[in-house]
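Undergrad: Got a sequence here, can you model it:
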Amino acid sequence: MFFYEREGSWQMISVFIIIGSIIMVGNIIAYIRFIRTSTDVMLSGKRGEPIWENIGLALLVFFLLGYLGVAFWGKPDLLMAGILFFGAIFVSLALVLLYHLVDTLKDRSIEVTETLIGVIEARDSNLNGHSRNVQKLSMCLYKY
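TA: Prediction:
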């Protein structure tokens, strides 16, 4: 059987576990997309620490397997289903925060670069916008 009946709350338990599982699959897909699209600019486009990326992915998959194990072979109660459901929500929020922090960090690094170029341009009038043009080309490469 898929779920066991516990005082008539099995519908709520089923909904929590099914929706939580779907959210976790989405979290795994979002995490894989994030890892594939993020590169370290300082390492010439190479990815950073792959061991930590793999550990994060393994933990997410293990969490999803926990959902499926509870759903098919366990005897879940409402508390366990709620913990699993809100755990999936927490992981989603953590991933959204991670995306936001990385975007903010990229924006701030661009702002710092523009400020430094402005300082360099102000010191040497012979540059006549050369640093600004180099910065624009660098940012084009940085974004891709």
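Undergrad: Buried residues, stretch 31-40. List them.
TA: 31, 35 (16 or more other Cβ atoms under 10 Å). Quick note: C-beta positions are derived from backbone N, CA and C, even for glycine.
Undergrad: again but with stretch 79-90, I slipped
TA: 81-82, 84-85, 87-88.
Undergrad: which ones among those residues are found in helices?
TA: 81-82, 84-85, 87-88 (DSSP state H).
Undergrad: low-scoring pLDDT stretches of this structure, where are they?
TA: 1-8, 39-48, 121-122, 124-132, 135, 139-144 (pLDDT under 70).
Undergrad: hmm, try it at 90
TA: Applying pLDDT under 90 to the chain flags residues 1-15, 35-53, 67-68, 70-81, 102-103, 105-144.
Undergrad: can you give me the helices for this structure?
TA: Under DSSP H, the chain gives helices at 10-37, 50-73, 78-123, 130-143.
Undergrad: Residue 35 - nearest residue in space that isn't next to it in sequence?
TA: Excluding the flanking residues, the one nearest residue 35 by Cβ to Cβ, 6 or more residues apart in numbering is residue 53, at 5.0 Å.
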